[in-house]
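K.L.:
no sequence for this one, just the structure:
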């Protein structure tokens, strides 16, 4: 078979392990030099393809590529940029094909969430329509854990481990201070539409009375009176109360409890700051001393406390993407298959992209307790294996030693610039 | 020499390693059973002594006591409670002596910061005045790193490691998103009066252009125009800007920025949270997309990323406190002595409590760069050894396996309750 280059790009919000997927893609491609020439990465995701701003990863040492496995965030730059509908944006898609043709790219590996799966599918369809041979493989990634078909999403397990660890530690802190000081602690975590990350906080509560005591999910309309009654009851019973709240919690009218009014490139509201809203409510109505924290990017960048399971799965989907391409597949996504929960065993499968693109996996209703304030045993059984194992990065000077690639540019071949 | 019991209590805000000091005290006392009977701990700090609510630590297994070394927060409960002036609060001090006498306590180990050192000194003076033989030893602890004489304070090194690690990770995240999304990230850290923790964030910036780019210290009056100009310049040069801000930053009039009137979605003023104030300022004046995080208790409870140096020093001051007592010392505090910076070598010394009580160590002016926005090499040299080494706790089910002691109560011997 003919040899051609591969294109790889990172899309959307980055994670602690998306570079582990990049590592899997590049290391596996390097093992198949007879079929895959260079892996060219898009600088800042798909923008790099549109603007012909490509990175030649073949100039990175094996050690540098290996270090991607323990380095958080997007080593080539990611982008929040959604290609529009094919009918309205033909020029953009045509441009992608032009760039791919100019650089002899026969493989398109796109590492992202649901929106990116849709882009990947469209690129595949267009290449077929235009008669340009291209195999488009989507590499799953999202801290939101909301991709369908796959049992879980690379990136989620590490956020889950971080938030569960952090809220356990904060719980120990508040427990020791509660007699004379802070009685309520609120931790805000990510999750616009689905409560997966909030649910993961619940893993820290292994025994009766353990923190966190209350989880506020985006799936459950916030009822101030019921919530305050539960806080009050918890403080009276346990001496303190630890709460995890999703950034996406809404009131009965569907309004986000805290909305700044800003929107991101996908039209999503930029959230942040529901923890102080909850904390203020508690102060006003119950008069309890509180502290609050907002984890924000710390949670999805926390490679230092990544889940070993998550790192292994992120690497595996990158590796599988290349292997699927070499086996002749197109418009597919490798998936994580749960073969067994106890003991936890997983393997890699794959699915057609049209089953993934723009489909959002919701948290099952039976993962939330009837009172709406915690996770069920079923949820715990699902989540527990995903945070198993530690995979510490190397440290230097007391700090994680993360790699910064050289990221050299490929010389442009097209005469025409492209306006994004 | 006569054998008597020891009293141990934790005071003020807890840390990731205060239990390592408790471990040092208890394990060392157990090695000297001919001189020290039981170690009785105050439940919720000094309140436990006043209310005769004592915990019999002799009933805990060696394994449980050993596990304190890797467990954050205060295992016996801490208290924010300051005994007043001796002249005005004679009854309180008399009560302490009554409780100590009733339980045959000859050693008083008090684990806290500057206020607690003062209490410890007063207890020692009173015991002398009342002719009750008691050796009072203060065990240093504070994330604020503001105790005098000692080179550093147990608890600080682990917060320093956590914030420097976290801001490095968030910096990698923002760097990958900056092209199309977030350009500014703000992390709020502790330090009401001194910028030690903010300074520690600066350790993550090892090379030109590294995050964090701007540090906002409580020692430097906040100048919005100069700050915004620096943010703008950094984004233009580097593509993004990462900022660490101390909770204690004030404006030119000395007002805390956190009290400057940010409002939540309900129009309520938000208490606390200087990070959103800074972030909003940037959005309003520069129109840049931002994210912000508030680490709050996560930073001081983060035993999972504790500094090995800090853990060793916390244990060592606990051990030394007992050894100082056995050597006949009274009204002293073990200190950490820096014997050499490169290579870092430290040993344990001690100092009289009257040199410590109510003295606050400020950050030297030459630790902050002339522009007020970063740390100097001198500061870096001081801080770097304190975050050296990792000392991971054991994990179970994917989470740190922290110990909860049984904390059995000692039977009360006094007939009279004491109103606190």
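P.N.:
Yep, that arrived. Given the structure is predicted, the values throughout are model-derived calculations rather than measurements.
K.L.:
right, and residue A:65 touches residue A:25 too?
P.N.:
No - at 9.8 Å, residue A:65 does not count as touching residue A:25 under the criterion of Cβ atoms under 8 Å. Yep, even glycine has a C-beta here, placed from its N, CA and C like the rest.
K.L.:
and those two? which has more neighbours close in?
P.N.:
Counted by other Cβ atoms under 10 Å in any protein chain shown, residue A:65 and residue A:25 do not tie: residue A:25 has more neighbours, with 31 against 22.
K.L.:
With adjacent residues omitted, what lies nearest to that one?
P.N.:
In space, and not counting its chain neighbours, residue A:25 is closest to residue A:318: 4.2 Å by Cβ to Cβ, 6 or more residues apart in numbering or on different chains.
K.L.:
To what extent is the one you found buried, counted in neighbours?
P.N.:
Residue A:318 sits with 34 neighbouring residues when counted by other Cβ under 10 Å.
K.L.:
hmm, stretch A:182-201 touching chain B?
P.N.:
Yes - in terms of Cβ under 8 Å from any Cβ of the partner chain, part of stretch A:182-201 sits within range of chain B, namely A:182, A:185, A:187.
K.L.:
got those residues as a markdown table, with secondary structure and neighbour count columns?
P.N.:
Below are these laid out as a markdown table (DSSP: H, G, I helix; E, B strand; the rest coil; neighbours: other Cβ atoms under 10 Å in any protein chain shown):
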| residue | secondary structure | neighbour count |
| --- | --- | --- |
| A:182 | coil | 21 |
| A:185 | strand | 31 |
| A:187 | strand | 28 |
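K.L.:
Go through the residues you listed and say which is closest to chain B.
P.N.:
residue A:185 (6.2 Å; Cβ to the nearest Cβ).
K.L.:
what's near enough to touch the closest one?
P.N.:
Residues in contact with residue A:185, defined by Cβ atoms under 8 Å, 6 or more residues apart in numbering or on different chains, are A:170-171, A:173-174, A:211, A:240-243, A:290-293, B:297.
K.L.:
which residues pair with it across the strands?
P.N.:
For residue A:185, the beta-bridge assignment (DSSP bridges) gives partners residue A:242, residue A:291.
K.L.:
For the residue of chain A positioned farthest from its centre, give its distance to residue B:85.
P.N.:
The C-alpha centroid of chain A is most remote from residue A:180, which lies 39.3 Å away (Cα atoms, centre = their mean). Note on residue A:180: its distance to residue B:85, by Cβ to Cβ, to the nearest Å, is 19 Å.
K.L.:
Check the burial of residue A:394 by counting its neighbours.
P.N.:
By the criterion of other Cβ under 10 Å, residue A:394 has 9 neighbours.
K.L.:
now residue A:290
P.N.:
So residue A:290, with other Cβ under 10 Å, has 24 neighbours.
K.L.:
That one contacts residue A:284, correct?
P.N.:
No - counting by Cβ under 8 Å, residue A:290 stays clear of residue A:284, with 10.8 Å between them.
K.L.:
And the average pLDDT for the helix or strand encompassing residue A:317 is what?
P.N.:
Here residue A:317, judged by DSSP states H and E, is contained in helix A:308-326. Helix A:308-326 shows an average pLDDT of 98 in the prediction.
K.L.:
what's the answer for stretch A:64-77, then?
P.N.:
Averaged across stretch A:64-77, the pLDDT comes to 98.
K.L.:
Now do the buried residues in it.
P.N.:
A:64-65, A:67-77 (16 or more other Cβ atoms under 10 Å in any protein chain shown).
K.L.:
Distance to residue B:415 and secondary structure for those - can I get that in CSV?
P.N.:
Below are the buried residues of stretch A:64-77 laid out as CSV (distance: Cβ to Cβ, whole Å; DSSP: H, G, I helix; E, B strand; the rest coil):
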residue, distance to residue B:415, secondary structure
A:64, 73, helix
A:65, 74, helix
A:67, 68, helix
A:68, 69, helix
A:69, 66, helix
A:70, 62, helix
A:71, 65, coil
A:72, 61, coil
A:73, 64, coil
A:74, 69, coil
A:75, 70, coil
A:76, 74, coil
A:77, 73, coil
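K.L.:
out of the residues you listed, which touch chain B?
P.N.:
A:71, A:72, A:73, A:74, A:75, A:76, A:77.
K.L.:
So the fourth one is in contact with residue A:19, correct?
P.N.:
Yes - here residue A:74 reaches residue A:19: they are 7.0 Å apart, a contact under Cβ under 8 Å.
K.L.:
tell me how far the helix or strand hosting residue A:125 is from the chain's mean position?
P.N.:
Here residue A:125 is covered by helix A:114-129, with elements defined by DSSP H and E. For helix A:114-129, the gap between its own C-alpha mean and the chain's C-alpha mean amounts to 20 Å (Cα atoms, centre = their mean, to the nearest Å).
K.L.:
swap in stretch A:248-257?
P.N.:
23 Å.
K.L.:
And stretch A:387-396, by the same measure?
P.N.:
Counting by Cα atoms, centre = their mean, stretch A:387-396 comes out at 18 Å from the chain centroid.
K.L.:
pLDDT of it, averaged?
P.N.:
98.
K.L.:
Mind checking if it is in reach of chain B?
P.N.:
Yes - for stretch A:387-396, a contact with chain B is found by Cβ under 8 Å from any Cβ, at A:387, A:388, A:389, A:390, A:392, A:395.
K.L.:
So which bits of that stretch are buried?
P.N.:
A:387, A:388, A:389, A:390, A:391, A:393, A:395.
K.L.:
Arrange the residues you listed in CSV, one row each, with distance to residue B:106 as further columns.
P.N.:
CSV is the format used below for the buried residues of stretch A:387-396 (distance: Cβ to Cβ, whole Å):
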residue, distance to residue B:106
A:387, 47
A:388, 48
A:389, 48
A:390, 44
A:391, 49
A:393, 48
A:395, 43
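K.L.:
on that earlier part again, taking helix A:114-129 as reference, get the angle to the helix or strand just after the helix holding residue A:317.
P.N.:
Going down the chain from helix A:308-326, the next helix or strand is strand A:332-340, by DSSP H and E. Angle, strand A:332-340 to helix A:114-129, by axes from the mean of the first three to the mean of the last three Cα atoms, to 10 degrees: 130 degrees.
K.L.:
Which elements pack onto strand A:332-340?
P.N.:
The contact analysis (3 or more Cβ pairs under 8 Å, 6 or more residues apart in numbering or on different chains; DSSP states H and E) places strand A:332-340 against strand A:135-140, helix A:308-326, strand A:345-352.
K.L.:
per-residue confidence averaged over the helix or strand just after the shortest one?
P.N.:
Scanning the chain past strand A:135-140 towards its C-terminal end, the next helix or strand to appear is helix A:156-177 (assignment: DSSP H and E). Per-region confidence: helix A:156-177 scores 98 on mean pLDDT.
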